[in-house]
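1. Below are the sequence and a predicted model for it; my questions follow.
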Amino acid sequence: QGLLRRSVSHSLLSFGSITGACRAIQKLTRVRVVDNSTLGNTPYHRPPKCIHVYNKTGVGKVGDKILLAIKGEKKKALIVGHKMPGPTMTPRFDSNNVVLIEDNGNPIGTRIKTPIPYTLRRREGEFSKVLAIARNFV
Amino acid sequence: RFLSPEFIPPRGRTDPLKYYMERKDMIQRRKVFNIPEFYVGHVLAVTTADPCASDKSKRFVGICIQRGGKGLGATFVLRNVIEEQGVEICYELYSPRIQAIEVLKLEKRLDENLMYLRDALPEYSTFDVNMRPVPRMAHEEIPVNKLQVRMKPKPWSKRWERPKYNIKGIKFELPEHKMKAAQKWSQPWLEFDMLREYDTSKIEEKIRKELSEELEK
């Protein structure tokens, strides 16, 4: 059940946030993979963590690419929502959401059930394939 | 009669001319676009204009958890849980991007700040996106929902059991000694502090008169 805190990971597919901190995504943040890829959804004893943010500042907001460490592998990912409040009229999610991506921008999963902010639509060129598999927009 | 809380100027030493000018602009906007009367705890549906959305507009349904800001920067935060993911959007009341605000369910809650819904079980924040507006019965009272919300296990984002937040709408299932320990942080002298008093009754009357005159024009 994703609602239980402190029950560290042994077969947690989607865990709720453990710290109450209100930051955007930076190195060593635990993130939640929201697409239906096998790499993101198979349980592992350690949650996926960010190890690098491809940004001038080390802080990642919606639409930034990050490097994730999942199941002992390095994978690039795209941030689709964070707990930190952003500009007004943009949604703020209850968990740091991330979509796994290849180096050329192709998403690994085939469906994204969780809602994605409309602001990603602005960058249609880079994220067209990710937006194509997204179902809900917020 | 209802007066929106963003009309009341905050306590301070700024020139009242600034608030007068802001109120004029707010009244101008209200003449063009109807902002309904709503409180914290109402379920609203907001349609905003957005260039990067299909049909150029998007609709969000949610429960209002907080109303903040004064003057033209007044905001309200709507919360909903979509596909097991909690989403909150902070809208500005007087933003020209907002195209319509509909009140779907009229219901006051026991508190003025429902931020504890983030740490409550998600069933208390889920609202159907295609909900029909519930018709209002008598045109006088707004029903108060005395719902006691059940929370997820601790830790929470804020320690809601402390008397500083003064929350009445949570069913605390904490042991007695924890509730007593939380009372250690109570500040019973705060309500008698004279320097913190801000009597808004006269200011409110003046503003109500102003509003009714302007809106009749």
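-> The structure has been received and is ready for your questions.
2. Contacts for the top helix by length along chain A next, please.
-> For chain A, the helix with the greatest residue count under DSSP state H is helix A:124-133. Residues outside helix A:124-133 that contact it (CB atoms under 8 Å, 6 or more residues apart in numbering or on different chains) are A:35, A:63, A:78, A:99, A:101, A:105-107, A:109-112, A:116, A:120-121. The C-beta positions use only the backbone N, C-alpha and C, and glycine is treated the same way.
3. Next, the buried residues of it.
-> Buried residues in helix A:124-133, counted by 16 or more other CB atoms under 10 Å in any protein chain shown: A:127, A:130-131.
4. CSV for the residues you listed, including pLDDT and distance to B:Ile167?
-> Formatted as CSV, those follow (pLDDT from 0 to 100; distance: CB to CB, whole Å):
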residue, pLDDT, distance to B:Ile167
A:Phe127, 90, 41
A:Val130, 91, 40
A:Leu131, 90, 40
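5. nearest to chain B, of those residues?
-> Lowest distance from chain B to the buried residues of helix A:124-133 (CB to the nearest CB) belongs to A:Leu131, with 10.2 Å.
6. sorry, back to before: any chance of CSV for the buried residues of helix A:124-133, columns distance to B:Trp156?
-> Putting these into CSV (distance: CB to CB, whole Å) gives the following:
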residue, distance to B:Trp156
A:Phe127, 35
A:Val130, 33
A:Leu131, 35
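7. between those residues, which is closest to B:Arg109?
-> Checking those against B:Arg109 with CB to CB, the nearest one is A:Leu131 at 36.9 Å.
8. Apart from its chain neighbours, what residue comes closest to whichever residue of chain B sits closest to chain A?
-> Proximity of chain B to chain A (CB to the nearest CB) peaks at B:Gly86, 3.4 Å away. Closest residue in space to B:Gly86, ignoring its immediate chain neighbours: A:Asp94 at 3.4 Å, by CB to CB, 6 or more residues apart in numbering or on different chains.
9. pretty sure B:Gly86 is in a strand, no?
-> Yes - judged by DSSP: H, G, I helix; E, B strand; the rest coil, B:Gly86 forms part of a strand.
10. Okay, and the beta partners of it?
-> B:Gly86 forms beta bridges with B:Val81, as assigned by DSSP bridges.
11. Could you give the number of residues near it?
-> B:Gly86 sits with 20 neighbouring residues when counted by other CB atoms under 10 Å in any protein chain shown.
12. now swap in A:Thr119 and tell me
-> Neighbours of A:Thr119 (other CB under 10 Å): 21.
13. what's near enough to touch it?
-> A:62-63, A:90, B:52.
14. what about 7 Å?
-> Counting by CB atoms under 7 Å, 6 or more residues apart in numbering or on different chains, A:Thr119 makes contact with A:62-63, A:90.
15. ok and the residue in chain A nearest chain B?
-> Counting by CB to the nearest CB, chain A gets nearest chain B through A:Asp94, at 3.4 Å.
16. quick one: contacts for that residue?
-> Per CB under 7 Å, 6+ apart, neighbours of A:Asp94: A:83, B:85-86, B:118.
17. how near is it to B:Glu84?
-> 10 Å (CB to CB, to the nearest Å).
18. Kindly report the same for B:Trp185.
-> 34 Å.
19. Please enumerate the helices of chain A.
-> Assigned by DSSP H, the helices in chain A fall at A:38-41, A:124-133.
20. And the lengthiest strand in chain B, what does it pack against?
-> Using DSSP state E to define each element, chain B has its longest strand at strand B:57-68. When contacts are defined as 3 or more CB pairs under 7 Å, 6 or more residues apart in numbering or on different chains; DSSP states H and E, strand B:57-68 sits against strand B:43-49, strand B:75-82.
21. How far does the shortest one sit from its chain's centre?
-> Read it as strand B:43-49. Strand B:43-49 sits 14 Å away from the centroid of its parent chain (CA atoms, centre = their mean, to the nearest Å).
22. All set now, cheers.
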